[in-house]
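> Okay, sequence plus prediction incoming.
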Amino acid sequence: MSRHIVVVGGSLAGLRSAEQLRAHGHTGPVTVFSAERHFPYNRPPLSKEALSQLDSDGPDELAARLAFRRRPSVADVEFRYGTPVVAADLAAHTVTAESGAVVGYDGLVIATGLRPRRLPVPGPERGRHVLRTVEDCLALRHALRPDSRIVVVGAGFIGCEAAGTLHALGHRVTVVEPAGAPMQRVLGTDLATAIQRHHAAGGIEFVIGTGVAAFTGDD
């Protein structure tokens, strides 16, 4: 009997899961559910060149430009774009899509990845951005005005890359990081401190050791 494998998550992990299923000899149907509307694409450029290129790309064009190569081995894999899965019944071997559709499976792979953390603090919602999808990147890019004042909350890899890119575009950037020097948890104190000095010498400001309590203003 042909066994149906469902992969929940349409980013890099979901794509690689489908590729490995085929590489290891699975010939049955594979369905990949993706909350996004695009074929899996490369995300690191979203905080670097994609953010800095002030062109007129829409989300579909940008996603296509960043898309991973679709290997022949997964040409017959079904990708259900814009179809988040909201529940899984492990006993019944079914998943339920946001639309209400129920799909049965013989094997299930959970490859949902990460979501950006939004701060649950008071204040206006306008002007708050995260950076995870092509839509996020374009929304931030379109919100920029000459010599914008930008606060980046979090000095991890993405925060530092975004801060460096936005500063290179001529904006005034402050990085707020409650946990210590940039990327300290993964790089250690000495290297993290050196990275902070390098960014600060270029003109990026840092507020270290405190978090964000609220957003104020309406501009």
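Perfect, I can see it now.

> Okay, and Thr31 sits in which element?
Element membership for Thr31 (DSSP states H and E) is strand 30-33.

> ok, now Ala87?
strand 85-89.

> what comes up buried for that strand?
For strand 85-89, burial by neighbour count (16 or more other CB atoms under 10 Å) applies to Val85. (Glycine included, C-beta is placed from N, CA and C.)

> cool, stretch 81-101 as well?
By 16+ other CB under 10 Å, the buried positions in stretch 81-101 come out as Thr83, Pro84, Val85, Val95, Ala97.

> Poorly predicted segments of the chain, please.
1, 56, 219 (pLDDT under 70).

> separation between the residue nearest in space to the middle of the chain and Ala214?
Centroid-nearest residue in the chain, with CA atoms, centre = their mean: Arg132, separated by 2.5 Å. Noted for Arg132: a distance of 23 Å to Ala214, by CB to CB, to the nearest Å.

> ok, now Gly58?
Taking CB to CB, one finds Gly58 at 34 Å from Ala214.

> For the two, work out which one has more neighbours and name it.
Gly58 (11 against 8; other CB atoms under 10 Å).

> Next up, the contacts around the more buried one.
Residues in contact with Gly58 (CB atoms under 8 Å, 6 or more residues apart in numbering) are Leu138.

> sorry, back to before: could you list every helix and strand that the strand holding Ala87 packs against?
strand 94-97 (3 or more CB pairs under 8 Å, 6 or more residues apart in numbering; DSSP states H and E).

> Would you give the sheet partners of the strand it packs on, along with the direction of each?
strand 85-89 (antiparallel), strand 102-104 (antiparallel) (DSSP bridges).

> With just CA atoms, put the longest one into CSV.
Presented in CSV, the C-alpha positions along strand 85-89 are these (Å, rounded to 0.1, in the frame of the first residue of the first chain):
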residue,chain,number,x,y,z
VAL,A,85,-2.4,23.3,10.0
VAL,A,86,-4.2,24.1,13.3
ALA,A,87,-4.6,20.6,14.8
ALA,A,88,-3.2,17.1,14.6
ASP,A,89,-5.0,14.0,15.9
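
> Give me the contacts around that strand.
Counting by CB under 8 Å, 6+ apart, Val8, Phe33, Thr94, Val95, Thr96, Ala97, Glu98, Leu108, Ile110 sit against strand 85-89.

> can you redo these as JSON lines with distance to Arg71?
Below are the contacts of strand 85-89 laid out as JSON lines (distance: CB to CB, whole Å):
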{"residue": "Val8", "distance to Arg71": "20"}
{"residue": "Phe33", "distance to Arg71": "19"}
{"residue": "Thr94", "distance to Arg71": "29"}
{"residue": "Val95", "distance to Arg71": "25"}
{"residue": "Thr96", "distance to Arg71": "29"}
{"residue": "Ala97", "distance to Arg71": "26"}
{"residue": "Glu98", "distance to Arg71": "28"}
{"residue": "Leu108", "distance to Arg71": "22"}
{"residue": "Ile110", "distance to Arg71": "22"}
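
> What is the most widely separated pair among those residues?
Glu98 and Leu108 (17.1 Å; CB to CB).

> longest helix in the chain, by residue count?
Selection of the longest helix in the chain by residue count, based on DSSP state H, yields helix 189-202.

> how about Ala163, phi and psi?
When read as degrees, to the nearest 10, the backbone of Ala163 gives phi -60, psi -50.

> Next: Asp136.
phi -60, psi -50.
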